[in-house]
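Visitor: Sequence below, structure please.
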Amino acid sequence: MPNQNPSTWTREVLKSKLHRAVITDADVEYEGSIEIPRDLMDAADLWPGEKVLVASITTGARLETYVLEGPPNTGKILINGGAAHLIKKGERVAIMAFGYTQTPIRPKNLLMGDSNEILKER
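Guide: Numbering: from 1, shown residues only. Modelled structure (predicted):
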């Protein structure tokens, strides 16, 4: 019988969040993904190829995709492929990554400004 003690369960929890980021471009012809500048990936502890949930604060659309590394210090966040039908240029989004753990963690929660600069880490 599996362990019934909730304190020992492995749970999927939020590990990283770029909150209120702005999509700077969208390309439906690209094969898919979200491109994030390397400096923001580092600040949020995201890896190239990592799965993320992208939720539009503007429309409520939600989708899963993977991270592509973009040039650092540009502030450009691009949504590509079929995802660009759901989330458009100019929309505000929350980009979230999750991890598995048996102990609580404090996620990297970055509040983004209008030019995708980090306003504060919560």
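Visitor: hmm, who's touching stretch 107-122?
Guide: With contacts defined as C-beta atoms under 8 Å, 6 or more residues apart in numbering, stretch 107-122 is touched by 13-22, 24, 37, 40, 43-45, 75-77. Any C-beta I mention is one placed from the backbone N, CA and C, and that applies to glycine too.
Visitor: Show me which positions of that stretch end up buried.
Guide: When burial is assessed from 16 or more other C-beta atoms under 10 Å, stretch 107-122 yields the following buried residues: 107-110, 112, 116.
Visitor: cool, stretch 18-31 as well?
Guide: Of the residues in stretch 18-31, those with enough neighbours to count as buried (16+ other C-beta under 10 Å) are 18-24, 26, 30.
Visitor: May I have that stretch exported as CSV, CA atoms only?
Guide: Extracted as CSV, the C-alpha positions of stretch 18-31 are listed here (Å, rounded to 0.1, in the frame of the first residue of the first chain):
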residue,chain,number,x,y,z
LEU,A,18,7.8,35.9,-14.7
HIS,A,19,4.6,37.9,-13.8
ARG,A,20,3.2,40.6,-16.1
ALA,A,21,5.7,40.0,-18.8
VAL,A,22,4.8,41.6,-22.2
ILE,A,23,4.9,39.6,-25.4
THR,A,24,6.9,41.7,-27.8
ASP,A,25,6.4,39.6,-31.0
ALA,A,26,4.4,36.6,-32.2
ASP,A,27,5.2,34.3,-35.2
VAL,A,28,2.7,31.6,-36.1
GLU,A,29,5.1,30.3,-38.9
TYR,A,30,7.8,29.4,-36.4
GLU,A,31,7.8,25.7,-35.2
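Visitor: Centre of the chain to that stretch, how far?
Guide: On the basis of C-alpha atoms, centre = their mean, to the nearest Å, the separation between the geometric centre of stretch 18-31 and that of its chain is 11 Å.
Visitor: swap in stretch 28-43?
Guide: Here stretch 28-43 shows a centroid-to-chain-centroid distance of 9 Å under the convention C-alpha atoms, centre = their mean.
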